[in-house]
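Undergrad: Sequence and predicted structure, then a few things I'm wondering about:
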Amino acid sequence: MRIEKAGEYVELYRSRMAAMQEGFWELAARHGVVDDPGFRGVLDRVAADVDENLRGAAVVIARLEDEDRELTVRQAEELDTFARERRMRSGTSDQQLGAAGTVQREGGL
């Protein structure tokens with residue numbers, strides 16, 4: 001399912017951004033600029049942007065999951081309504097179908 005893939009991609013993004021931040025930190029440490037306010041400010045902004053992107057992605061994925069559930073329920077209801085209307089047009093009632101199903105199940109045992 002594509003929604004599940006979205007979650008996987010978000011996790012991949014999170015891990016790559018964390019690796020990138022660690023790489024920048026290591027590079028800054030080698031060059032002695034870890035305590036530089038400019039470097040820290042940029043790294044903090046990057047971290048905040050990553051967090052904001054992850055929260056935004058989580059909201060979108062949750063909304064898509066909700067919509068998927070709603071559409072699945074609606075589709076099931078529409079299929080049920082369609083089947084009921086089709087049976088009514090053909091003159092077969094739910095009770096007749098239930099009895100026929102019982103006979104078939106009992107006969108099959």
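TA: Arrived safely. Fair warning: this is a prediction, and the values are worked out from it, not measured in the lab. Numbers count the residues shown, from 1 in each chain.
Undergrad: by contact count, what packs against whichever strand or helix holds Leu12?
TA: Element membership for Leu12, per DSSP states H and E: helix 2-30. Applying 3 or more CB pairs under 8 Å, 6 or more residues apart in numbering; DSSP states H and E, one finds that helix 2-30 contacts helix 37-90. Where you see a C-beta, it was placed from the backbone N, CA and C, and this is true even at glycine.
Undergrad: tell me which residues of the helix holding Leu12 are tucked away?
TA: 10, 17, 28 (16 or more other CB atoms under 10 Å).
Undergrad: what mean pLDDT does it have?
TA: Averaged across helix 2-30, the pLDDT comes to 94.
Undergrad: could you give the angle of it to helix 37-90?
TA: Between helix 2-30 and helix 37-90, the angle comes out at 170 degrees (axes from the mean of the first three to the mean of the last three CA atoms, to 10 degrees).
Undergrad: any idea how far Glu8 is from Glu85?
TA: Applying CB to CB, to the nearest Å, the value for Glu8 to Glu85 is 41 Å.
Undergrad: where in the protein is pLDDT low?
TA: 1, 92-109 (pLDDT under 70).
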